[in-house]
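Asker: pasting the sequence and the predicted coordinates here, then a few questions.
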Amino acid sequence: MIRAAIVGLGGWGQNLVASVQGKSDAIRFTAGATRTPEKSRAFADAHGFPLHDRYEKVLADAAIDAVVLATPHRLHAGQIIAAAKARKHVFAARDDVDLRPGHQPLEGPRRLKTERIAATAREEPPMRNLVTLLAGATLAIWTAACWPQAGSPSFPARPVRMVVAFTPGGGTDIIARLLAQKLTERWGQPVVVENRAGAAGNIGTDLVARSAPDGYTILMAFSSHASNPALYGKLPFDIDKDFSSITLVGTAPMVVIASPAFPAKTLGQLIDYARARPGAVKFGSSGIGTPVHLAGELMMQLTGIKMVHVPYKGIAPAMTAILAGEIEITYVAVLTGLQHFKAGRLSPLAVAGSSRYPALPDVPTAAEAGLNGYEIDFWYALLGPARMPAPLVARIQRDVAAILTTPEMKESLLAQGCVAAGSGPGELSARIKSDYELWAKVIRTAGVKLE
């Protein structure tokens, strides 16, 4: 897919976008630029792309392959030169073409790196004109000449960007930096972690979806990658079509925890207590729609019990609340609660994983405690943009897996509550698909809506 920016959003530019967006796998407009963004903001939002007030911002975005100029012809010379310097392909109407309906094109020379995209408007619909043009362009050859391919022996020939869609210091960021350091040592090129936080991870994720599939921009994804589409409805990316699965880096099972003052000391006792007292048990979460919230909703749906959800702004205040006795239970990663378990301040009732966790050998799995089907892993995985060549995926997966099998890396991840994985792309794709199906059903059944 060609990821393009529309420059100029007057009537003609808007008609062009509306004719193409979402109707072809050949092209997607992922950004726009206009000198009067306030006039076109609603249109850009409706068609799923950010809007800039300067052409230079579009050219600086490495994820954009091409620019389509829907601006006055007198501006094209400078815009084409700037695009060439930024190594973007550019498509523009010829300066001797009258774009108004009913006017036939005149013959004449084309500008350097320009193409006619509207001269046959009466003969074919705009979408077909543009898709035919872009699909037949030499963009793929031009891109290959500009950037080394990740499957080649020379990869990487320059720094690699590992995007984390969350703020620094969190679990995903820590896992990414541990892996980036080892990849830097292995590849002899810097692997730079770049935090692009916002919108529950969707901003950074979209950045990677719009990047070139050349191995130089990859995403350290968190398990919410699979649930966000069900929560947010229409996103600017498709988790199934817009990404290449590379490898599962590691998993961190969720633990059901309770205040020591809570009468229930096992998961079975919790379920019996809640069933006998509908609405008496309060479970805290890190916010509406977060994995912790969905863990509580899944438990209620599997058991038929009724609990009261208390959302907090992050897991830290939820932990403070359970320690203070304001809520009875919550769900956390092992690392978050481990020190409290050891000190006796909180009680782990069950591990929501397929096997017991090494640091909690005496805590049963949910299945062992009588709740089948309750397996919830936080996971971390490497994804790339769609259409990464097979050698690219194989090279990165192989190198990451080699790192994850070393005792040093296993120990480093385990210290963060994460069990090293390193599985192949097929297994990762299957996990994402099954997780999405699970959480979409949970969200739909519970009627979870973001506020």
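Answerer: Arrived safely.
Asker: report the central residue of the chain.
Answerer: Thr205 (3.0 Å; Cα atoms, centre = their mean).
Asker: who touches the helix or strand hosting that residue?
Answerer: Thr205 is part of helix 202-209, with elements assigned from DSSP states H and E. Here helix 202-209 makes contact (Cβ atoms under 8 Å, 6 or more residues apart in numbering) with 30, 63, 163-166, 195-198, 217-219, 221, 225, 228, 232, 235-237, 242-243, 383-386. Yep, even glycine has a C-beta here, placed from its N, CA and C like the rest.
Asker: next SSE downstream of it?
Answerer: Going down the chain from helix 202-209, the next helix or strand is strand 217-222, by DSSP H and E.
Asker: that next one pairs with which strands, parallel or anti?
Answerer: Note on strand 217-222: by DSSP bridges, its sheet partners are strand 160-164 (parallel), strand 377-385 (antiparallel).
Asker: list the buried residues for the helix or strand just after that strand?
Answerer: Next in sequence after strand 217-222, counting helices and strands by DSSP H and E, comes helix 228-232. Neighbour-count burial for helix 228-232 flags Asn228, Pro229, Ala230, Leu231 (criterion: 16 or more other Cβ atoms under 10 Å).
Asker: other SSEs contacting helix 228-232?
Answerer: Contact here means 3 or more Cβ pairs under 8 Å, 6 or more residues apart in numbering; DSSP states H and E; on that basis helix 228-232 packs against helix 202-209, helix 425-446.
Asker: out of the ones you listed, the one nearest Leu270 is which?
Answerer: Distance to Leu270, taken as Cβ to Cβ, is lowest for helix 425-446 among those, at 18.9 Å.
Asker: which of the helices and strands packed on helix 228-232 sits most buried?
Answerer: Of all the helices and strands packed on helix 228-232, helix 202-209 has the most neighbours on average by mean count of other Cβ atoms under 10 Å, namely a mean of 23.
Asker: pLDDT (mean, whole number) over that one?
Answerer: Throughout helix 202-209, pLDDT has a mean value of 95.
Asker: can I get the buried part of the contacts of helix 202-209 as one ChimeraX selection?
Answerer: The following ChimeraX line selects those of these that are buried, judged by 16+ other Cβ under 10 Å:
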select :30,63,163,164,165,166,195,196,217,218,219,221,225,228,235,236,237,242,243,383,384,385,386
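Asker: partner strands of the longest strand seen in the chain and their direction?
Answerer: Longest strand of the chain, by residue count under DSSP state E: strand 243-258. According to DSSP bridges, strand 243-258 forms sheet pairs with strand 329-333 (antiparallel), strand 347-352 (antiparallel), strand 377-385 (antiparallel), strand 419-423 (antiparallel).
Asker: between those strands, which gets nearest to Gly188?
Answerer: Judged by Cβ to Cβ, the one of the strands paired with strand 243-258 that comes nearest to Gly188 is strand 377-385, at 19.0 Å.
Asker: who touches stretch 335-342?
Answerer: If you take Cβ under 8 Å, 6+ apart as the criterion, stretch 335-342 is touched by 171, 252, 255, 257, 315, 319, 323, 346-348, 359-360, 416-418.
Asker: quick one: the helix or strand hosting Ser412 to chain centroid distance?
Answerer: Per DSSP H and E: Ser412 is located in helix 407-414. Relative to the centre of its chain, helix 407-414 is centred 25 Å away, using Cα atoms, centre = their mean, to the nearest Å.
Asker: what's the answer for stretch 336-349, then?
Answerer: Distance, centroid of stretch 336-349 to centroid of chain: 32 Å (Cα atoms, centre = their mean).
Asker: check the separation of the first and last residues in that stretch.
Answerer: 15 Å (Cα to Cα, to the nearest Å).
Asker: kindly report the same for stretch 325-338.
Answerer: The straight-line separation of the ends of stretch 325-338 (Cα to Cα) is 18 Å.
Asker: now it: mean pLDDT?
Answerer: Averaging pLDDT along stretch 325-338 gives 91.
Asker: low-scoring stretches of the stretch 301-450 of the chain, by residue?
Answerer: Along the stretch 301-450 of the chain, no part satisfies pLDDT under 70.
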